[in-house]
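> Provided below for reference: sequence and predicted model.
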Amino acid sequence: MSAVTETRIHTSLLAALEKRCLIWIAKRLPDGVNSDHLTGLGAVSMLGAGACYWLGAQYPAALVAAVVCLALNWFGDSLDGTVARVRRQERPRYGFYVDHVLDVVGIVLLFGGLVAGGFMTPIIGAGFLLAYCLLSTEIALATHAVGTFKISYWKMGPTELRILMAVGTLQLLRSPDVSLLGARFLLFDVGGVVAIAGLLATFVVSSVINTRTLYRREPLPPRPSGTTELQLLAARLKPRPTTVSS
């Protein structure tokens, strides 16, 4: 199989600083810690964050632990690929597949915990997961078809989103809801609606751009002059001769 050749596009607000920081850490990480260990840490920390949100309503200290889990998730999920590249131990297809599978599972666990803890209503949680899966599918398709793997949109990437989640989580220690237009709403419901709108808008814009890109790259081939639809269909259905080796 050929190697993965997609172009990574990461232009978030903190992308340049984060890259320098991750390379610095990767060069000083003990040899006994490899990218698989870091991937596992990222996955387990998302499970931990979801559990902390679930327990947060009864045990407020669990919300502080959720912020710690988000930080550990950043460490593991952001550093695993950097370590592989710095050590020249890259496994592009394996890394791409495993990261995306764990990302989807992690988001389900995270927002499932928010809903179970009463910090987000089920309909908003389900709407967010649906919008997230739509955009994740579009990103995966664009990586294969267009050859570009976009990690961030509108200057926002995974790291910035984790920071917003952490800030919102600390706000939960003060109050789980906010006043908006004279009414009270759950804080993460308001954030969830904004996130759903952003994800859906990004999905639509990205889909249109990538469709136009592929249309220009693969223009409709001209039909041979004098050829009818019936002749074209017959040519496609005509059986090919088989060669029997002795």
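Yep, that arrived.
> In contact with the residue lying closest to V108 once chain neighbours are set aside, which residues?
Distances taken as C-beta to C-beta, 6 or more residues apart in numbering place L129 nearest to V108, at 6.3 Å, with adjacent residues excluded. In this view, the C-beta of every residue, glycine as well, is placed from N, C-alpha and C. Contacts for L129 (C-beta atoms under 8 Å, 6 or more residues apart in numbering) come out as 107-108, 111.
> Among the residues you listed, which lie within helices?
Taking DSSP state H as the definition of helices, those contribute 107-108, 111.
> The longest helix seen in the chain packs against which elements?
Using DSSP H, we find that the single longest helix of the chain is helix 187-217. Judged by 3 or more C-beta pairs under 8 Å, 6 or more residues apart in numbering; DSSP states H and E, helix 187-217 is in contact with helix 122-145, helix 158-172, strand 177-180.
> Of those, which is nearest L38?
Smallest distance to L38 across the helices and strands packed on helix 187-217 (C-beta to C-beta): 14.5 Å, for helix 158-172.
> Next, the angle helix 187-217 makes with the closest one.
170 degrees (axes from the mean of the first three to the mean of the last three C-alpha atoms, to 10 degrees).
> which outside residues touch helix 158-172?
12-14, 18, 53, 56, 63-64, 66-67, 70-71, 73-74, 77-78, 119, 151-152, 187-188, 191.
> let's see it at 7 Å
12-14, 18, 56, 63, 66-67, 70, 73-74, 78, 119, 187-188, 191 (C-beta atoms under 7 Å, 6 or more residues apart in numbering).
> Just the CA trace of that helix, in CSV.
Provided in CSV are the C-alpha atoms of helix 158-172 (Å, rounded to 0.1, in the frame of the first residue of the first chain):
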residue,chain,number,x,y,z
PRO,A,158,-8.5,21.0,19.5
THR,A,159,-6.3,22.8,22.0
GLU,A,160,-8.4,26.0,22.0
LEU,A,161,-11.5,23.9,22.4
ARG,A,162,-10.0,22.1,25.4
ILE,A,163,-9.2,25.5,27.0
LEU,A,164,-12.8,26.7,26.5
MET,A,165,-14.0,23.4,28.0
ALA,A,166,-11.7,23.9,31.0
VAL,A,167,-12.8,27.5,31.5
GLY,A,168,-16.5,26.5,31.3
THR,A,169,-15.9,23.6,33.8
LEU,A,170,-14.3,26.0,36.3
GLN,A,171,-17.4,28.2,35.9
LEU,A,172,-19.6,25.3,36.9
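> average pLDDT across it?
Throughout helix 158-172, pLDDT has a mean value of 95.
> residues of it that come out buried?
158-160, 162, 165-166, 168-169, 172 (16 or more other C-beta atoms under 10 Å).
> Ok, stretch 208-219 next?
Using 16+ other C-beta under 10 Å as the test for burial, stretch 208-219 gives N210.
> and I23, what does it touch?
82, 86 are the contacts of I23 under C-beta under 7 Å, 6+ apart.
> Which element, helix or strand, includes it?
For I23, the element it lies in under DSSP states H and E is helix 15-28.
> After that helix, which helix or strand is next? Please name it.
The helix or strand immediately downstream of helix 15-28 is helix 35-56, counting by DSSP H and E.
> how far out from the middle of the chain is that next one?
Distance, stretch centre to chain centre, for helix 35-56: 16 Å (C-alpha atoms, centre = their mean, to the nearest Å).
> per-residue confidence averaged over stretch 213-230?
Mean predicted lDDT for stretch 213-230 stands at 77.
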